[in-house]
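[1] One predicted model, sequence on top.
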Amino acid sequence: MSRGIIIKTEEEIELLRLSDLMVSETLALMGQMLKPGIKSIDLDKKAEEYIRDNGGIPSFKGYEGFPASLCISINEAVVHGIPSDYEIKDGDVVSIDCGVYMNGFHGDAAYTFAVGDVEEDIMDLLRATNKALYLGIEQAVAGKRTGDIGFVIQNYTEKQLGYGVVREMVGHGVGRDLHEKPEVPNYGKRGRGVILKENMTIAIEPMINLGTKSIKVLRDGWTIVTRDGKPSAHFEHSLVVKKGKADLLSDHKIIEESIKNNINIKKL
Ligand code: MG
Ligand code: MG
């Protein structure tokens, strides 16, 4: 039997914040390292070392058998990419998803980096996916519903801009378990779904495709790719539902600060 939605105490929220801070710092480190020629496996090794050196455990390593610490999903890969010997090229979009388990709680966040001279239509996809995340966050307040979050993300990216919203993977509650209830889809109807309550902790994570919303799983059993081979973007924040305005647990500002001086990263 699966547990229901878990409302966190203030103490639990502060522990979650520490895990999410380490996630954000790890992603910032990845942003500093990213450049054409680097292997995705080298990013993964460095991330694992950083997390363990700071007293954390990579949440994803061994999760349902996942073999690495980061999910690194490049270009047409949507999520769950396995780090490998692949050398990142100029023009690649690299989405990195990181989880850290510490003090009994999981942090979870993701960011998509544009390496080198990424085409402008793909930059627009990244900007729109990032903006959709914040539109969703505006809805993550007590009294609203998960459908309100999904609606604004889908309405902006799919209805207004014509991108494909991935249906099969969704945001989620996060806490002592990496994936808790409720599910937080990136599509939906206003006023539908689970009612959000103060001190629920959730991860919102739009996965938006330049072309079709259809996806498939590669033969490695993990990597999700777009069916038409066009690129995909993924941005994720963990947050606390509050009255009036959500309280972000993860911190993308640290990541954006870290790539400011990396000439190999094209900024959003
Ligand atoms: Mg997540
Ligand atoms: Mg994640």
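    Looks like it arrived, so ask away. Numbers count the residues shown, from 1 in each chain. Ligands and ions are numbered 1, 2, ... in the order given.

[2] closest point of the stretch 1-150 of the chain to ligand 1, which residue?
    Asp108 (4.3 Å; CB to the ion). (Glycine included, C-beta is placed from N, CA and C.)

[3] Wasn't that residue part of a strand?
    Yes. Judged by DSSP: H, G, I helix; E, B strand; the rest coil, Asp108 forms part of a strand.

[4] got any ranges where the stretch 51-200 of the chain has weak pLDDT?
    Nowhere does the stretch 51-200 of the chain drop to pLDDT under 70.

[5] Glu14: neighbouring residues, count only.
    By other CB atoms under 10 Å, 13 other residues sit near Glu14.

[6] next one: Asp247
    Neighbour tally, Asp247, other CB under 10 Å: 13.

[7] With the one 10 residues further on instead?
    Per other CB under 10 Å, the neighbour tally for Glu257 reads 12.

[8] In three-state terms, label it for me.
    helix.

[9] Please list all residues in contact with the residue of the stretch 1-150 of the chain closest to ligand 1.
    Asp20, Val23, Ser59, Asp97, Cys98, Gly99, Val174, Leu178, Ala203, Glu236, Ser238, Ser250 (CB atoms under 8 Å, 6 or more residues apart in numbering).

[10] So the third one is in contact with Met102, correct?
    What that stands for is Ser59. No. In this structure, Ser59 is not within contact of Met102 by CB atoms under 8 Å, at 9.3 Å.

[11] Quick check on these two: which one has the bigger neighbour count.
    Set Ser59 next to Met102 and count neighbours by other CB under 10 Å: Ser59 wins out with 25 against 21.

[12] how close does the residue of the stretch 151-268 of the chain found nearest ligand 1 sit to ligand 2?
    Residue of the stretch 151-268 of the chain nearest ligand 1, by CB to the ion: Ala203 (4.1 Å). Ala203 sits 6 Å away from ligand 2, going by CB to the ion, to the nearest Å.

[13] Quick check: can you name the pairing partners of the helix or strand encompassing that residue and their directions?
    Assigned by DSSP states H and E, Ala203 belongs to strand 201-204. Strand 201-204 pairs in its sheet with strand 171-173 (antiparallel), strand 237-240 (antiparallel), by DSSP bridges.

[14] Where does Gln154 fall, secondary structure wise?
    helix 146-154.

[15] Distance from that helix to the middle of the chain?
    Centroid separation between helix 146-154 and its chain, computed with CA atoms, centre = their mean, to the nearest Å, is 16 Å.

[16] next helix or strand past that helix?
    strand 164-165.

[17] Direction included, what does that next one pair against?
    According to DSSP bridges, strand 164-165 has the following sheet partners: strand 207-209 (antiparallel).
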